[in-house]
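# Please find the sequence and the predicted model below.
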Amino acid sequence: VQLVESGGGLVQSGGSLRLSCAASGFTFRNYAMSWFRQAPGKERELVATITSGSEVTAYGDSVKGRFTISRDDAKNTVYLQMNSLNPEDTAVYYCSLRLRVGQERNWGQGTQVTVSS
């Protein structure tokens, strides 16, 4: 399994970014995919999840209404569109999946998002 995030960077408060996660090494369309984030000194938190077939999406309370998760199974890629960013969104963002119940999650290397006030 390989997960490669991209699209992070520095943005001003109120701005937008779109993160991408390119996946390989497994049958992408069969699995739910998630985005997590971890800010300095804080625990890693779930940002958004999308099921296989894009049937269901779910979001953390802090990003509801501002972030949108989507996937393109033809490109083996999951996206996170982030709007109305604020400094509290500053974190390293990780793409993740769990291949089997009870198994450890697989993680990408992360991409840094920094929001300036």
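That came in fine, so what should we check first? Numbers count the residues shown, from 1 in each chain.
# tell me the centre residue of the protein?
residue 35 (2.6 Å; CA atoms, centre = their mean).
# Please list all residues in contact with the residue nearest to that one when sequence neighbours are not counted.
Nearest residue to residue 35 in three dimensions, chain neighbours excluded: residue 47, at 4.3 Å (CB to CB, 6 or more residues apart in numbering). C-beta here means a position set from N, CA and C on the backbone, and glycine is covered the same way. Residue 47 sits next to 34, 35, 36, 37, 59, 60, 63, 67, 69, 80, 93 when contact means CB atoms under 8 Å, 6 or more residues apart in numbering.
# Now for the residues you listed: which two are most distant?
Farthest-apart pair in the contacts of residue 47 is 59 and 93; separation 13.8 Å (CB to CB).
# follow-up on the earlier one: what are the buried residues along whatever helix or strand the residue nearest to residue 35 lives in?
Per DSSP states H and E, residue 47 falls inside strand 45-50. By neighbour count on 16 or more other CB atoms under 10 Å, the buried set for strand 45-50 is 47, 48, 49, 50.
# ditto for stretch 16-36
Neighbour-count burial for stretch 16-36, counted by 16+ other CB under 10 Å, picks out 17, 19-23, 28, 31-36.
# And the pLDDT for the nearest residue to residue 24 once chain neighbours are set aside?
Of all residues not flanking residue 24 in the chain, residue 2 sits nearest, at 4.8 Å (CB to CB, 6+ apart). Predicted confidence (pLDDT) for residue 2: 98.
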